[in-house]
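**Q** coordinates only, sequence not included:
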């Protein structure tokens, strides 16, 4: 099946209110362009260097989501164009995104990444860290960011019931943040969770964004 066929099949399987981020990491710009020609506009990358290289070679109306661990010293390379940074896991990073967004005269959408998986290798906040961050006086000065919701990655396992519990945990975190910190913030509405192997479960548990790569583009081309 072609990339356009894969996209169509997935889009038919997800509700209209769920956004599909086509995760194009390791794929060349030509492959991303094929998905673009099929009508898709939302793409995800997890490495700054790769995203910075692809961006100028592809149409300007693509909405890029950065989904990987982001170091503060690399924010400046993507701040002029990135649509959303899904992987915010510290106040330090949020302050730098705000600074670089202001420099570019932009407001950058951000998701707070939470650690919901068993694997230690995954990044993300816990509830206590999030509460400390959102209660910090520095937050009130961040006018060039829009905190739009939460993101999380489940444990890499075939046990879908285990994965479901992790997704449910993220949904509970979202509800807690919404009622405690963002009750009057209409833009705080996104829950980004679910990938190629588990996105139907994520949608059942409340995902509004799913991040799918290999089901669209085939197996990764690691070099």
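**A** Cool, the structure landed. Values in this document were obtained by computation on a predicted structure and should not be read as measured data.
**Q** hey, let's count contacts and neighbours off CA atoms from now on
**A** Fine.
**Q** distance of residue 108 relative to residue 23?
**A** Distance of residue 108 to residue 23, computed by C-alpha to C-alpha, to the nearest Å: 19 Å.
**Q** the two - which one has more neighbours?
**A** Taking other C-alpha atoms under 10 Å, residue 108 and residue 23 do not tie; residue 23 has more neighbours (27 against 24).
**Q** thought residue 212 was touching the more buried one, still the case?
**A** Yes. Between residue 23 and residue 212 a contact is recorded at 5.5 Å, counting by C-alpha atoms under 8 Å.
**Q** could you find the closest non-adjacent residue to residue 147?
**A** residue 110 (4.8 Å; C-alpha to C-alpha, 6 or more residues apart in numbering).
**Q** helix/strand/coil for the one you found?
**A** strand (DSSP: H, G, I helix; E, B strand; the rest coil).
**Q** before we move on, which element is the closest residue to residue 139 other than its chain neighbours in?
**A** Excluding the flanking residues, the one nearest residue 139 by C-alpha to C-alpha, 6+ apart is residue 133, at 7.7 Å. Using DSSP states H and E, residue 133 maps to helix 127-134.
**Q** find the centremost residue of the chain, please.
**A** Nearest residue to the geometric centre of the chain (C-alpha atoms, centre = their mean): residue 86, 3.4 Å.
**Q** against which helices or strands is the helix or strand that contains that one packed?
**A** Residue 86 belongs to strand 84-88 when assigned by DSSP H and E. Applying 3 or more C-alpha pairs under 8 Å, 6 or more residues apart in numbering; DSSP states H and E, we find strand 84-88 packed against strand 63-66, strand 108-114, strand 145-152.
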